[in-house]
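Q: predicted model and sequence below, questions to follow.
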Amino acid sequence: MRGTGTARRGLTLAAGAALFASVCLANAAGATTAQAVGTAGAGKAVAGTHAAVAPLDCTPTQILANPGFESGTSGWTSSSGVIGAASGQSAHSGSSFAWLDGYGSSHTDTLSQSVTIPSGCTTASLSFWLHIDTAETGSTAYDKLTVKLGSTTLASYSNVNAAAGYVQKTFDVSSFIGQTVPLAFSGVEDSSLQTSFVLDDFSLTTGGGGNPPPPTDTVRTPSPGKYTVSLSSDAAGSVWNGHESVTFTNPSVTPLTEVYLRLWDNWHGSCPTTPITVTNVTGGTASALSVACTAMKITLPAPVAQGQGGTIGFDLGISVPSGADRFGRDGSFNFIGNALPVLAIRDGAGWHLDPYTNNGEAFYSLAADFDVTLDHPTSLQVPATGTSVDSPGTSGRTVTHATASKVRDFAWAAGPFTKISGTSPAGVAVNIYSVNGISSSDSQSMLSTAKSAVDAHAARFGAYPYGELDAVIDNNFWFGGMEYPGFVLDLVSTTALTHEIAHQWWYGIVGDDEYNGPWLDEAFTDYSTDLALGSTGSGCWNSVSWASSAEKITNSMAYWDANSGRYSTVVYGYGKCALHDLQRQLGDTVMAKLLKDYAQAHWYGVSTTAEFKAAAQAVSTTDLTSFWSQHRIEG
């Protein structure tokens, strides 16, 4: 039973952790399933061939009235006392803000504004700054804030999302162009323990118009050179401590004054008590954790100009929580994905500090080299990204030294796994690590599947570059399967393992912004899985049925977290079927060459929807504009 809470206008207490996280699942039909609850989102480009289209009339503009509440209630409709400059909270900028709830008793506050998003524009983006503090504890969502545009729920937040300071939330609302709809916020607080939802500095901007060639992508920075990590584990392999450093350069003409580390696995803890700890930072000055403790800003001692670089170092602690998760512990078996802090990316859209999502992925990073030393008890097997060499450590311990070139992340596992190994016909070393309860026949089956899959994908898209391939098998994984460079987690499933291995190309080698464009790895991976398993996808587009006009294959995870029941169906199912349809449109030979050439052109780089559309248009004998429209592929 919970006691009474801190009343509104009184003491504010920060607590929480992100409500959302991400994973891929592949079922026997070749489509996938996933799970989650919801949060926030956006997209990008490169030039290609387009048919001439008459330009539309669109003047980029900010269309919200009184976006910072500095003119009082003008333009807004709200509950009494919501808008103002009350003590106990502070504005993101200026002096006024909107404060929903915070009473510590049953209460509902509302805030809304009617907006007209003009026709003629091709893009519309909504953003605002949100601060949540609470007296609630634990992981139960007692007090909730719902964000809606028209009848569509864009996101839901709760006391679980509490964090120190404001966090910017961004949504692609291009589907509402030409409509007049209410932008509405509803905060509902239960009978005890306050939660305050504080909003400020809104922006609803429109742009685009006509159909010009998409602009060239702006430079992504910083460019990581090498991550060097040395960690030592406890007897169980569930607690790791040591040091990490990363060198980087700035390829952009805009100087770097700060960098951000992403501490993704802090979603699995309770902020500010987190499973990933970064201390004793060198090479810059660390700020307090933000984005539900998954981001750390490090201010550099001096601006880093184009072509120059720097090094960030820090002590690192990792504590693996209980649960058969991609970062979790199943009995004596530890799975350690996304635990190493990596550099966030800044591009033309600014810093990418999207929230963790349990419905898909949010892991957007650039390829780098990793040199990782893992000191652990000899009784534990430690499969890891890259190529590993074991050597004796101190008494009863082994040192696993793993090196990996041009990978976006690094993952490992630790436990008394049963290991079997083999080599694919094309020469790739494959290792299967099984937990207790996996039969030897199932392990052998997964080894056979892995050898077949890695060669099939390599033949279509380019040779597998990561040396060995490790697959860790546990039928208790709730998420089905998860990919990391050279390392996958999976169930005993031919389709699922073939899918996760395809991710070595679509996410690993050909990168993408997984939060803002999840179709670029999931749809391409499921399509590749079909090809490897001999499925033609014949007629699969015939069963498409859209849930709403806002639903598109290319929606961001912000949309899918708010509509989680449709994520698998649309991104995996409709996405791969759209690619099967494109194959029928272009012909088998042209489609095969398109994908292989596209992979080679983006090898260790980043793919965008606009770039893929341009590449497809360049090899097509017909204008594909109507094809993209029919399949709801935008960007």
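A: Yep, that arrived.

Q: where are the low-confidence patches of the stretch 51-200 of the chain?
A: Low-confidence segments of the stretch 51-200 of the chain (pLDDT under 70): 51-62, 93, 120.

Q: and if we set it to 50?
A: Filtered on pLDDT under 50, the stretch 51-200 of the chain yields the residue ranges 51-56.

Q: point out where the stretch 501-635 of the chain drops to low pLDDT.
A: Checking the stretch 501-635 of the chain against pLDDT under 50 turns up nothing.

Q: rerun at 90
A: 543 (pLDDT under 90).

Q: can you map out the helices along it?
A: For the stretch 501-635 of the chain, helices defined by DSSP state H, counting those that start in this stretch occupy the ranges 519-533, 557-562, 564-567, 575-586, 588-601, 609-619, 625-630.

Q: find the residue at the geometric middle of this structure.
A: A362 (0.5 Å; C-alpha atoms, centre = their mean).

Q: find the residue closest to that residue in space, skipping its chain neighbours.
A: What sits nearest to A362 in space, not counting adjacent residues and going by C-beta to C-beta, 6 or more residues apart in numbering, is Y515, at 4.0 Å. Any C-beta I mention is one placed from the backbone N, CA and C, and that applies to glycine too.

Q: from G150, how far off is that neighbour?
A: Counting by C-beta to C-beta, to the nearest Å, the separation of Y515 from G150 is 23 Å.

Q: check contacts around the residue nearest to A362.
A: G41, H352, D354, T357, G360, E361, A362, Y364, S556, M557, A558 (C-beta atoms under 8 Å, 6 or more residues apart in numbering).

Q: let's see it at 6 Å
A: D354, A362, M557 (C-beta atoms under 6 Å, 6 or more residues apart in numbering).

Q: so the residue of the chain positioned farthest from its centre, which state does it fall into?
A: Largest separation from the mean C-alpha position in the chain: S395, at 40.6 Å (C-alpha atoms, centre = their mean). When classified by DSSP: H, G, I helix; E, B strand; the rest coil, S395 comes out as coil.

Q: which phi and psi does it have?
A: Main-chain torsions, S395, degrees, to the nearest 10: phi -50, psi 120.

Q: I'd like the distance between it and V472.
A: Distance from S395 to V472, by C-beta to C-beta: 27 Å.

Q: with W76 instead?
A: From W76 to V472 the distance is 52 Å (C-beta to C-beta).

Q: neighbour count: those two, which is higher?
A: V472 (25 against 21; other C-beta atoms under 10 Å).

Q: send me whichever strand or helix holds the more buried one as CSV with only the CA atoms.
A: Element membership for V472 (DSSP states H and E) is strand 469-473. What follows is strand 469-473, C-alpha atoms only, in CSV (Å, rounded to 0.1, in the frame of the first residue of the first chain):
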residue,chain,number,x,y,z
LEU,A,469,29.8,-15.5,-35.9
ASP,A,470,28.5,-16.4,-32.4
ALA,A,471,24.9,-17.4,-31.7
VAL,A,472,23.7,-17.7,-28.1
ILE,A,473,20.6,-19.9,-27.8
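
Q: mind checking how far it is from the chain centre?
A: Relative to its chain's centre, strand 469-473 lies at 22 Å (C-alpha atoms, centre = their mean, to the nearest Å).

Q: again with stretch 323-334
A: Put simply, stretch 323-334 sits 21 Å off its chain's centre (C-alpha atoms, centre = their mean).

Q: and stretch 514-528, by the same measure?
A: Distance, centroid of stretch 514-528 to centroid of chain: 12 Å (C-alpha atoms, centre = their mean).

Q: now do stretch 484-503
A: Distance, centroid of stretch 484-503 to centroid of chain: 18 Å (C-alpha atoms, centre = their mean).

Q: same question for stretch 544-559.
A: Relative to its parent chain, stretch 544-559 has a centroid offset of 17 Å by C-alpha atoms, centre = their mean.

Q: identify each buried residue in that stretch, please.
A: Residues V544, A550, E551, K552, I553, T554, N555, S556, M557, A558, Y559 are the ones in stretch 544-559 that count as buried (16 or more other C-beta atoms under 10 Å).

Q: quick one: which of these is nearest to A86?
A: Nearest to A86, judged by C-beta to C-beta, of these is A558 at 29.6 Å.

Q: against G328, how distant is the closest one?
A: As defined by C-beta to C-beta, A558 lies at a distance of 25 Å from G328.

Q: what mean pLDDT does the top helix by length along the chain get?
A: Secondary structure assigned by DSSP state H gives helix 440-461 as the longest helix of the chain. Helix 440-461 carries an average pLDDT of 98.

Q: so how far is that helix off the chain centroid?
A: That offset, for helix 440-461, works out to 27 Å (C-alpha atoms, centre = their mean).

Q: over to stretch 339-346?
A: 12 Å.

Q: then stretch 407-422?
A: Taking mean C-alpha positions (C-alpha atoms, centre = their mean), stretch 407-422 and its chain are 22 Å apart.

Q: that one spans what distance, first to last residue?
A: End-to-end span of stretch 407-422 (C-alpha to C-alpha, to the nearest Å): 23 Å.

Q: what does stretch 202-220 give?
A: Start-to-end span of stretch 202-220 (C-alpha to C-alpha) is 26 Å.

Q: do the same with stretch 343-354
A: Using C-alpha to C-alpha, the two ends of stretch 343-354 sit 13 Å apart.

Q: contact partners of it?
A: Contacts for stretch 343-354 (C-beta under 6 Å, 6+ apart): 218, 220-222, 224, 259-260, 262, 291, 295, 362, 364, 515.

Q: which pair of those residues spans the longest distance?
A: Going by C-beta to C-beta, the pair spanning the contacts of stretch 343-354 furthest: T218 and V291, at 22.0 Å.

Q: so for those two, which residue has more residues nearby?
A: V291 (24 against 15).

Q: and the more buried one, how far is that from L261?
A: Here the distance between V291 and L261 works out to 11 Å (C-beta to C-beta).
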